[in-house]
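Asks: the following comprises the amino acid sequence and a computationally predicted model.
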Amino acid sequence: HLATSLPLPSERDHLRPRIDLIAFMIDIKSKYSLKNVEASLAHVDASFFLGKVCFLVTGVGRVNYCSIEMNAIWKLGEVYCSPVLFCELELEGIRVATAQRLLRMLQICAGHVPGVSALSFSSLMRNSADD
C-alpha cells in the first residue's frame with residue numbers, strides 16, 4: 001500500500017491490513033520530499049522505530065542534482081534508529097536489488113524469518129554497511 005503522506009485517513013481503518021514495515025521514500029532531488037517525510041514521521045507510533053521503519057533514498061546516481069544534503073539524511077536515520085537505503089530507480093539492476101532487500105526486510109518485520117526479529121535490524125544494517 002502506498003501513501004503520499006501520513007496520517008492515513010481513518011475512515012478505512014477497519015479494512016487496513018496490519019502494517020509490518022514503513023519505508024519512507026526520499027527523492028534526493030527534492031527538498032519537499034524530505035520535508036514531507038519529516039512531517040509524516042510525527043504520525044508514526046514510537047514502537048515502529050524499533051526496526052519497522054526504513055528510509056529509501058532515490059536518485060543517488062545524480063549527485064549534481066541533489067537538493068538535500070547527505071548529512072541530513074544520515075541524521076534522520078540516526079535520530080530515528082532506522083536504516084537508510086540508497087538506490088537509483090532508473091537502473092534495473094539496482095532497482096531489483098533494492099526491491100529484494102526491502103522484501104527481505106519486510107519478511108523479517110512480518111515475523112517470517114525464524115530467529116531474526118525487526119529489533120535486530122539496526123545492528124544487522126550497521127554490520128552489512130561495515131562489510
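Replies: Alright, I've got the coordinates.

Asks: look up the closest residue to residue 98, ignoring the ones flanking it.
Replies: Of all residues not flanking residue 98 in the chain, residue 87 sits nearest, at 4.1 Å (Cβ to Cβ, 6 or more residues apart in numbering). The way it works is simple: take the backbone N, C-alpha and C, and place the C-beta from them, glycine included.

Asks: which helices and strands sit right next to the longest helix along the chain?
Replies: Scanning the chain for the longest helix, with DSSP state H as the assignment, gives helix 92-109. Secondary-structure packing of helix 92-109 (3 or more Cβ pairs under 8 Å, 6 or more residues apart in numbering; DSSP states H and E): strand 53-58, strand 84-87, helix 121-130.

Asks: let's see it at 10 Å
Replies: Identification of packing neighbours for helix 92-109 by 3 or more Cβ pairs under 10 Å, 6 or more residues apart in numbering; DSSP states H and E yields strand 22-27, strand 53-58, strand 84-87, helix 121-130.

Asks: brilliant, that's me finished.
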